[in-house]
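*Asks:* Fold the following and give me the result.
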Amino acid sequence: MKEPDALAESCLLVTFSTVRLVAPLAAAALLASCSSGGADPAGSGEDSPTSAPTAAALPDAPSNPYTGRSAQFRDRQLLNAAGTGDADKIALLVEAGANVETRDARERTPLLIAATDDHVAAARVLVGAGADPDALDVRHDTPWLVTGVTGSIPMAQVLLTASPDLTIRNRFGGVSHIPASERGHADYVAFVVQSTDIAIDHVNDLGWTALLEAVILGRGTEPWQRIVDTLVKNGADVSIADRDGITALQHARRLGFTEIAGILDRASS
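*Replies:* Numbers count the residues shown, from 1 in each chain. You can find the predicted model right below:
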């Protein structure tokens, strides 16, 4: 079998590499020119191969896929992206005009959804786009209040850049460090009481402060011991009693929380 000459072989290599990079028509033209025998060895210009495609022949960079879509579609996609934490998609949707305050069936905004699922990067994009950290849903939660449930310090830090209202109450009449104290989010409680001006002795609708809730609803173990110690060291009033007149110290003794009782006893002296 006759071996292809060097010029024909080079032309084929260039052509098959080009097929993957340039428009199909340009590649086909280049292949046809190679099939005709290549350039004239004498350099006369006859049967010269088609010139290489210019940059203009390459596909344009994709535009924003959400531009021109309906407002309803964009808003629905924004809620979905907040739930999955897709920060890049959120940025594209916001750029295309999606409403950062759109609501789902439970009146949750994209920021509240992102905060609930602790999607910090997504929340950062939404806050940067002006999303409201105080938007209330049907359960009377806000993005900020939810951080007291999740205990997420990174999310709290992002939301603080939007200046949330720390006095807004949840459905139990509490502010964020109260549910955090109940759930044992010791690092979060320390962050909030040391980094913000939240009312440390706020009393919720049950008649409990964060200190009372940490004792009454806590487990008495290390996280709750840390919470009680943090609250005491940051000025919590240990003399505040519940509606039955029982103090946190008395509750700790009744529940057998020896370590917590010791912390409160020393603070009461």
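*Asks:* tell me the domain boundaries of the chain?
*Replies:* 6-57, 66-165, 168-269 (automatic domain parsing).
*Asks:* could I get the ones you listed as CSV with mean neighbour count?
*Replies:* Backbone N, C-alpha and C define where each C-beta goes, glycine included. Output for the domains of the chain, formatted as CSV (neighbours: other C-beta atoms under 10 Å):
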stretch, mean neighbour count
domain 6-57, 13
domain 66-165, 20
domain 168-269, 19
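*Asks:* Including mean pLDDT, could those domains go into JSON lines?
*Replies:* Output for the domains of the chain, formatted as JSON lines (pLDDT from 0 to 100):
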{"stretch": "domain 6-57", "mean pLDDT": "42"}
{"stretch": "domain 66-165", "mean pLDDT": "97"}
{"stretch": "domain 168-269", "mean pLDDT": "98"}
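*Asks:* any chance you could map the helices in the stretch 1-150 of the chain?
*Replies:* Here the stretch 1-150 of the chain has its helices, by DSSP state H, counting those that start in this stretch, at 6-19, 24-35, 71-84, 87-95, 110-116, 120-128, 143-150.
*Asks:* what residues are up against the residue lying closest to Gly83 once chain neighbours are set aside?
*Replies:* For Gly83, ignoring the flanking residues on the chain, the nearest one in space by C-beta to C-beta, 6 or more residues apart in numbering is Ile113 at 5.3 Å. Contact analysis of Ile113 by C-beta atoms under 8 Å, 6 or more residues apart in numbering lists 79, 82-83, 104.
*Asks:* Need those residues in TSV (columns: distance to Val203).
*Replies:* Compiled in TSV, the contacts of Ile113 are given as follows (distance: C-beta to C-beta, whole Å):
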residue	distance to Val203
Leu79	35
Ala82	33
Gly83	34
Asp104	32
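*Asks:* quick one: which of the residues you listed is nearest Asp237?
*Replies:* Taking C-beta to C-beta as the measure, Asp237 lies nearest Ala82 of the contacts of Ile113, at 38.9 Å.
*Asks:* what's the spacing between that closest one and Thr109?
*Replies:* Note on Ala82: its distance to Thr109, by C-beta to C-beta, to the nearest Å, is 8 Å.
*Asks:* before we move on, what about Asp86?
*Replies:* Distance of Asp86 to Thr109, given as C-beta to C-beta: 16 Å.
*Asks:* His177 now?
*Replies:* Taking C-beta to C-beta, one finds His177 at 23 Å from Thr109.
*Asks:* got it, and Val138?
*Replies:* In terms of C-beta to C-beta, Val138 sits 12 Å off from Thr109.
*Asks:* now swap in Gln225 and tell me
*Replies:* Relative to Thr109, and taking C-beta to C-beta, Gln225 is found at 36 Å.
*Asks:* now Pro143
*Replies:* 8 Å.
*Asks:* Could you do His119 as well?
*Replies:* In terms of C-beta to C-beta, His119 sits 13 Å off from Thr109.
*Asks:* now swap in Val203 and tell me
*Replies:* 29 Å.
*Asks:* can you check Thr167 too?
*Replies:* From Thr167 to Thr109 the distance is 19 Å (C-beta to C-beta).
*Asks:* again, but for Val238
*Replies:* Counting by C-beta to C-beta, the gap from Val238 to Thr109 is 38 Å.
*Asks:* okay but Ala248 is in contact with Val238, surely?
*Replies:* Yes. Counting by C-beta atoms under 8 Å, Val238 is a contact partner of Ala248 at 6.1 Å.
*Asks:* Please consider this matter closed, and thank you.
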